[in-house]
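Chemist: output the structure for:
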Amino acid sequence: MMPRRDDIAAAFDAARDYEGEARIQRKVADELAARIASLALPPEPRLLEIGCGTGFLTCALGENGIGGDWLVTDLSAAMVERCRAGLGNTARSRFAVLDGENGTPDGGPFDLVCSSFALQWFADAPAALARMRDWLAPDGRIVVATLLSGTFAEWRAAHEELGLAAGTPAFPPVEAFAALNPEVLEVTYHTETHASAARFLRAIKAIGAGTARGNHRPLTPAQLRAVMAQFERNHCRVTYEVATLVITRQEP
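Modeler: From the prediction side, this is the model:
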């Protein structure tokens, strides 16, 4: 069960140290922007971004020369304002709070719907992508990067080795996206090593990603200390399993 939308938004509203801790998120956003820049987009594309955060992908798109009319959105009002402050208002960029899974964006159709590290918070990301396809102009594309079920396997293993269950949300497996028949479905792995278990937990909280799955029963303090010790015996390494998808709307 995924966390409640209000809890997710509140966690990201409070993620004031996001840019200092989100190293993997920045790297993936840069790679996604480069992939988008390599596509044959219209000269002035109509662009919708879901889950802008502080603007990693938004900035990288601009640095890669992507222009056009942009609608930049996030579930968190605080993140929308931080992204807007970083980029500044332009006549061709609009910013809005939007629940990308359940809401409907203003405007459209869009030549490009893009998102980096947001869809893993959806209750049903594949279904949401299928719905987003209806927001596209003919030959428009969805280009997203999202987390898969192998993410934080090491943290879950530290729990399981003690007979406990981690609160990590149940991110989907890569097979869940295959039914969408994407042009591209690639899986990459990014690893990060922390100085301690406490440092890992602080980093997760700092980027707003500490919201547990909805049916998680919190550990007792003694259980948490035991899990942290086990995680440190396993060298404090975590893996991000990332899917990159490209989906094109093709007219029959």
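Chemist: hey, C-alpha coordinates of the biggest helix by length in the chain in PDB?
Modeler: If you go by DSSP state H, the chain has its longest helix at helix 23-37. Extracted as PDB, the C-alpha positions of helix 23-37 are listed here (Å, rounded to 0.1, in the frame of the first residue of the first chain):
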ATOM      1  CA  ARG A  23      22.800  13.300  -5.700                       C
ATOM      2  CA  ILE A  24      21.400  10.300  -7.500                       C
ATOM      3  CA  GLN A  25      18.200  12.300  -8.400                       C
ATOM      4  CA  ARG A  26      20.300  15.000 -10.000                       C
ATOM      5  CA  LYS A  27      22.400  12.500 -12.000                       C
ATOM      6  CA  VAL A  28      19.300  10.700 -13.300                       C
ATOM      7  CA  ALA A  29      17.600  14.100 -14.200                       C
ATOM      8  CA  ASP A  30      20.700  15.100 -16.200                       C
ATOM      9  CA  GLU A  31      20.700  11.800 -18.100                       C
ATOM     10  CA  LEU A  32      17.000  12.100 -18.800                       C
ATOM     11  CA  ALA A  33      17.300  15.700 -20.100                       C
ATOM     12  CA  ALA A  34      20.100  14.500 -22.500                       C
ATOM     13  CA  ARG A  35      17.900  11.700 -23.700                       C
ATOM     14  CA  ILE A  36      15.000  14.200 -24.300                       C
ATOM     15  CA  ALA A  37      17.300  16.600 -26.200                       C
END
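Chemist: buried set for it?
Modeler: Neighbour counts using 16 or more other Cβ atoms under 10 Å place 24-26, 28-33, 35-36 of helix 23-37 among the buried residues. C-beta here means a position set from N, CA and C on the backbone, and glycine is covered the same way.
Chemist: tabulate those (a markdown table), appending pLDDT.
Modeler: As requested, these are exported to a markdown table (pLDDT from 0 to 100):
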| residue | pLDDT |
| --- | --- |
| Ile24 | 91 |
| Gln25 | 91 |
| Arg26 | 93 |
| Val28 | 96 |
| Ala29 | 96 |
| Asp30 | 96 |
| Glu31 | 97 |
| Leu32 | 97 |
| Ala33 | 97 |
| Arg35 | 97 |
| Ile36 | 97 |
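Chemist: list just the nearest of these to Ala128.
Modeler: Nearest to Ala128 among the buried residues of helix 23-37 is Leu32, at 17.4 Å by Cβ to Cβ.
Chemist: in contact with that closest one, which residues?
Modeler: 57, 60, 114, 116, 143-145, 244 (Cβ atoms under 8 Å, 6 or more residues apart in numbering).
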